[in-house]
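> mind folding the following:
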Amino acid sequence: MIRFVRMNAKLTLSLDRQVVEDAKVLAKEKHTSLSRMFEDYLRVLLSSKETPDAAKTSSVDSLVGLVQDEDASKAYRQVRYEALKQRYGL
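Residues are numbered from 1 along each chain as shown. Next up is the predicted model:
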């Protein structure tokens, strides 16, 4: 029997606090971890280095537009707030 061992490594990043919070919400919605989502994104970037037209994963597609300018970020938070308010009847 052959066993594959996954070698994990820790990585420390400095990111905008709001980006981290939004990414955590997105990861929770996708039923995955932020680490896994980021790893998937890096894998796509690395594979596209070899093949420029590499297909995007759903995790990467969900990251598109996550980083926005300040005004757009405020608008996004307002739209998200209204959607959650409507969804939960608040």
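> out of the helices and strands in the chain, which is least certain?
helix 58-63 (a mean of 59; mean pLDDT, DSSP states H and E).
> now stretch 26-42: mean pLDDT?
Regarding stretch 26-42, the rounded mean pLDDT is 88.
> and the end-to-end length of that stretch?
17 Å (C-alpha to C-alpha, to the nearest Å).
> and it, what's buried?
26-27, 32, 37-38, 40-41 (16 or more other C-beta atoms under 10 Å). Where C-beta positions appear, they are placed from N, C-alpha and C, glycine not excepted.
> got TSV for those, with distance to residue 78 and secondary structure too?
Converted to TSV, the buried residues of stretch 26-42 look like this (distance: C-beta to C-beta, whole Å; DSSP: H, G, I helix; E, B strand; the rest coil):
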residue	distance to residue 78	secondary structure
26	17	helix
27	22	helix
32	26	coil
37	24	helix
38	26	helix
40	29	helix
41	26	helix
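> out of those, who's nearest residue 19?
Top of the list for closeness to residue 19, among these and by C-beta to C-beta, is residue 26 at 10.3 Å.
> residue 31 sits in which helix or strand?
Following DSSP states H and E, one finds residue 31 outside all helices and strands.
> could I get the average pLDDT for the helix or strand harbouring residue 78?
Using DSSP H and E, the element containing residue 78 is helix 70-87. For helix 70-87, mean pLDDT is 72.
> check the gap between residue 14 and residue 75 for me.
The gap separating residue 14 from residue 75 is 25 Å, by C-beta to C-beta, to the nearest Å.
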